[in-house]
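Student: attaching a predicted model along with its sequence, questions to come.
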Amino acid sequence: AAVEQAVDAFAEGFERAQRLTVRREEAARREFIDDLLYGRSDLVHLAERATRFGLRLSRAHAVAVAVGPEAYTETDAVPRSVEAALLTRFSGRKILLTTKDGRIVCIAPGSQPDVLRYFAKQSHAATDGGQVAVGRPHKGPGGVVHSYDEALEALALADRMGMEDPVLYASDLLVYPVLTRDRQAMADLVRSELGPL
């Protein structure tokens with residue numbers, strides 16, 4: 001009986017330690033993602049932490065953001081199915097998939113646009129017709145933040161303008177902020193582009 005109690009206590013302690021380790025890892029990952037997407041951390045320290053999660057921030061990265069009819073967390077079935085599809089197809093590539101503010105976020109090397117196209121296709125299907133925005137590739141840790149902001153701006157612009165395209169590319173929508181914000185810039189654009197015609 002004493003041996004059984006000792007084994008049970010050891011197994012319970014081991015399980016508790018494993019759960020605590022998993023929670024710490026999840027907290028570290030969540031903190032890294034928050035710092036990465038909001039640019040709140042020291043960029044050198046952020047780049048060092050990024051290698052732990054498979055990213056080399058000295059290279060260009062692009063971010064794609066998917067929204068659906070509901071908000072998602074990392075444990076929901078939709079993000080998990082998208083992640084499984086990405087890992088099956090691109091197992092050797094450095095991809096970070098997460099959720100942020102109810103959206104599914106994919107960070108991939110800028111030199112591999114096929115990853116983000118596939119992410120967009122899988123996310124659109126998994127979210128039952130949700131919308132995906134892809135930011136432009138930018139270098140460095142600050143580049144991830146910039147690409148993420150571009151993707152979010154593309155989604156906001158699509159919502160304001162009633163665009164229903166399944167995939168939005170920030171590079172294709174660069175003219176809209178000029179048109180919606182700055183009347184003088186709009187006049188210059190019309191003069192320079194349409195004037196010669």
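Tutor: Happy to help now that I have it. Numbers count the residues shown, from 1 in each chain.

Student: quick one: the helices in this protein, in order.
Tutor: In the chain, the segments counted as helices under DSSP state H are 2-38, 43-52, 77-89, 113-126, 141-161, 175-181, 183-189.

Student: ok, which of the ones you listed comes nearest residue 61?
Tutor: Residue 61 lies closest to helix 141-161 among the helices of the chain, at 5.1 Å (Cβ to Cβ). C-betas here are computed from N, CA, C, even on glycine.

Student: can you redo the helices of the chain as TSV with mean pLDDT?
Tutor: As requested, those are exported to TSV (pLDDT from 0 to 100):
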stretch	mean pLDDT
helix 2-38	82
helix 43-52	72
helix 77-89	91
helix 113-126	92
helix 141-161	88
helix 175-181	69
helix 183-189	68
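
Student: I'd like those laid out as TSV, including mean neighbour count.
Tutor: As requested, these are exported to TSV (neighbours: other Cβ atoms under 10 Å):
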stretch	mean neighbour count
helix 2-38	12
helix 43-52	15
helix 77-89	16
helix 113-126	20
helix 141-161	19
helix 175-181	13
helix 183-189	12
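
Student: who touches the residue nearest in space to the middle of the chain in this structure?
Tutor: Taking Cα atoms, centre = their mean, the centroid of the chain lies closest to residue 105, which sits 2.4 Å from it. By Cβ atoms under 8 Å, 6 or more residues apart in numbering, the contact set of residue 105 is 33, 37, 63-66, 97-99, 148.

Student: who does it bridge with?
Tutor: residue 65, residue 98 (DSSP bridges).

Student: what does the pLDDT read for it?
Tutor: pLDDT, residue 105: 93.

Student: over to the one 5 residues further on?
Tutor: At residue 110, the pLDDT value in this model is 87.

Student: neighbours around the spatially closest residue to it that is not a sequence neighbour, how many?
Tutor: Nearest residue to residue 110 in three dimensions, chain neighbours excluded: residue 137, at 2.6 Å (Cβ to Cβ, 6 or more residues apart in numbering). When neighbours are defined as other Cβ atoms under 10 Å, residue 137 has 22 of them.

Student: give the contact list for residue 137.
Tutor: Neighbouring residues of residue 137 by Cβ under 8 Å, 6+ apart: 60-62, 109-111, 143, 147.

Student: same question for residue 129.
Tutor: Applying Cβ under 8 Å, 6+ apart, we find residue 129 in contact with residue 166.

Student: ramachandran coordinates for it?
Tutor: phi 90, psi 20 (degrees, to the nearest 10).

Student: from the contacts of residue 137, which land in strands?
Tutor: Members of the contacts of residue 137 lying in strands (criterion: DSSP state E): 60-62, 109.

Student: turn those into TSV, including neighbour count.
Tutor: What follows is those, written out as TSV (neighbours: other Cβ under 10 Å):
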residue	neighbour count
60	16
61	28
62	29
109	18
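
Student: using JSON lines, please lay out these together with distance to residue 76.
Tutor: Output for these, formatted as JSON lines (distance: Cβ to Cβ, whole Å):
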{"residue": "60", "distance to residue 76": "30"}
{"residue": "61", "distance to residue 76": "24"}
{"residue": "62", "distance to residue 76": "24"}
{"residue": "109", "distance to residue 76": "26"}
